[in-house]
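Enquirer: I need the structure of the sequence given here:
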Amino acid sequence: MRVLAVASECFPLVKTGGLADVVGALPAALAAQDIAVTTLLPGYPAVLAAIGDAPVVVELPDRFGPARLLAGKAAGLDLLVLEAPQHFGRPGNPYAGPDGDWPDNGIRFAALGFAAAEAATGLGFAAVHAHDWQAGLAGAYLRLAGPMRVPVVFTIHNLAFQGQFPPALFPRLGLPPGAWSMDGLEYFGSVGFLKAGLWYADRITTVSPTYAAEIRTASGGMGLDGLLRGRADVVSGILNGIDEASWDPARDQALAARFSAAHPDPRAANKPALQGRFGLAADPAAPLFAFVGRLAWQKGMDLVLEALPALLAAGGQLAILGTGDAALEARCLGAAAADPGRVATVIGFDEGLARLCYGGADAVLVPSRFEPCGLAQLCALRYGAPPVVARTGGLADTVIDANEAALAAGCATGVQFVPGDAAMLASAVRRTIGLIRDRPIWARIQANAMGGDVSWQRSAARYAALFRELAAADD
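Expert: Numbers count the residues shown, from 1 in each chain. Alright, predicted model coming up:
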């Protein structure tokens, strides 16, 4: 069965966040389920360079300017690339330039959705898998402007990013006038790309079961909860995974020492290496926490800073690696300056250093206010750094809290706390430090974490079943 995936980024070709990791890893997992995925990407300079002299397979109608689809391979992926230099021939971030979001993002990603519909019908795909708002118009073009029916699965990676544009964009899309309505693209007077994806999809998935429930509530739905409740019969949550071949502490050259669940002892050598890289005191007894990710309100970095006195009072250390909100970056740097040797901050992102954080920290902090799935906690589990997570979204679905019942049953893999509350995070940190200092218990929690299944295997089977169900219903 052939499926066309449509996305704005894909690891390792172009990445700004977890979306790229999912889009890059899922095709291989689905191949094991006899689902052949071709991924449609915008023709950013890096993507075009990766496929080289690829042949043209579709000359697209001139709806958004000259454009064509190239077929190529890169990084083990089968690709279709939308060559449209007027839209995508720009270096750097795929969504923004030095002055903020590109002002023509609406047209740029409308062109991607249009190209997806043309490719799906013209090249004979059995289904389309559209990811996030940038691919949101694929379903609209298939339903409203295409002659053939191809079923669409639309996956929400983060409902907070909705792709809303001024109403003046609508006439430029070439869709029927009736699509400008509540039962279509109109969203509080704007053109809603994510809303369109939800409205025209045959099935809606998101990246964890708990998040699928949260987005159908007024507090978690971000204005789209009514639509999602109305379509509840086609909404489901399928957990993300990680590529266990790529994320393998037994082979990871970024680590000072390789280790595995079967042979965990060498892991200890990574802690002093991590302390050295961050300029922290070389103290093997100090519980070492790491935060890896965006320095943003959603990710709870402000909560970490509020809970920091409790962490330090209990003898802990903190390594921060990330970039994001300028005010939070400044606060993180200030915290490091105030407690050198115990707190350290590296602004930016370094894949190798991130891996060393997972492989060398005692525990990883993931205090998000909301989290559709999260990949940091999956990497932390795989690398034996039991995560301290907010009880929300995919964090709640992937980490088993070390409460009395779980400890007695021998199944704990980390620590959970009530989201959005710095006092609760501080309490969770103190509880974690107590567990770390009880070596037999912590070793059991680490073993549980490393022994869990964080792969794509089960989730790929669910996606494959979904695609087959749609294809059978469409026959």
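
Enquirer: The stretch 201-350 of the chain: strands as residue ranges?
Expert: With strands called from DSSP state E, counting those that start in this stretch, the stretch 201-350 of the chain shows them at 203-206, 235-237, 288-292, 317-322, 343-347.

Enquirer: Which secondary structure elements does the longest one sit against?
Expert: In this case it means strand 317-322. helix 270-278, strand 288-292, helix 301-313, helix 326-338, strand 343-347, helix 351-360 (3 or more CB pairs under 8 Å, 6 or more residues apart in numbering; DSSP states H and E). No exception for glycine: its C-beta is placed from N, CA and C like everyone else's.

Enquirer: Let's see that with 6 Å instead.
Expert: Here strand 317-322 touches strand 288-292, strand 343-347, going by 3 or more CB pairs under 6 Å, 6 or more residues apart in numbering; DSSP states H and E.

Enquirer: and if you look at the first one?
Expert: Using 3+ CB pairs under 6 Å, 6+ apart as the contact criterion, the secondary-structure elements in contact with strand 203-206 are strand 152-156, strand 235-237.

Enquirer: Retrieve the pLDDT associated with the residue of the chain most remote from its centre.
Expert: In terms of distance from the mean C-alpha position of the chain, Pro177 ranks first, at 34.5 Å (CA atoms, centre = their mean). Looking at Pro177, its pLDDT reads 95.

Enquirer: and if you look at Met148?
Expert: pLDDT at Met148 comes out at 68.

Enquirer: list the contacts for Ala84?
Expert: Ala67, Ala111 (CB atoms under 6 Å, 6 or more residues apart in numbering).

Enquirer: What confidence value was assigned to it?
Expert: In this model, Ala84 is scored at 98, pLDDT.

Enquirer: for Ala54, same thing?
Expert: pLDDT at Ala54 comes out at 96.

Enquirer: Name the SS class of the nearest residue to it once chain neighbours are set aside, please.
Expert: In space, Ala54 comes closest to Gly72 once its chain neighbours are excluded; the distance is 3.4 Å by CB to CB, 6 or more residues apart in numbering. With DSSP: H, G, I helix; E, B strand; the rest coil as the basis, Gly72 sits in strand.

Enquirer: CA atoms only: put stretch 241-249 into PDB for me.
Expert: What follows is stretch 241-249, C-alpha atoms only, in PDB (Å, rounded to 0.1, in the frame of the first residue of the first chain):
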ATOM      1  CA  GLY A 241       8.200   6.800  19.200                       C
ATOM      2  CA  ILE A 242      11.900   7.300  18.600                       C
ATOM      3  CA  ASP A 243      14.300   5.600  16.200                       C
ATOM      4  CA  GLU A 244      16.000   3.100  18.600                       C
ATOM      5  CA  ALA A 245      18.800   2.500  16.000                       C
ATOM      6  CA  SER A 246      19.700   6.200  16.100                       C
ATOM      7  CA  TRP A 247      19.000   6.700  19.800                       C
ATOM      8  CA  ASP A 248      21.100   3.800  21.100                       C
ATOM      9  CA  PRO A 249      23.400   4.400  24.100                       C
END
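
Enquirer: and the nearest residue to Gly43 once chain neighbours are set aside, what is it in contact with?
Expert: Distances taken as CB to CB, 6+ apart place Glu83 nearest to Gly43, at 4.3 Å, with adjacent residues excluded. Taking CB under 6 Å, 6+ apart, we find Glu83 in contact with Gly43, Arg68, Leu70.

Enquirer: do that again at 8 Å, thanks
Expert: By CB atoms under 8 Å, 6 or more residues apart in numbering, the residues touching Glu83 are Gly43, Leu48, Val56, Ala67, Arg68, Leu69, Leu70.

Enquirer: related to what we said a few turns ago, dump the helices and strands packed on strand 317-322 to CSV, plus distance to Phe170 and mean pLDDT.
Expert: Converted to CSV, the helices and strands packed on strand 317-322 look like this (distance: least, CB to CB, whole Å; pLDDT from 0 to 100):
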stretch, distance to Phe170, mean pLDDT
strand 288-292, 40, 98
strand 343-347, 40, 98
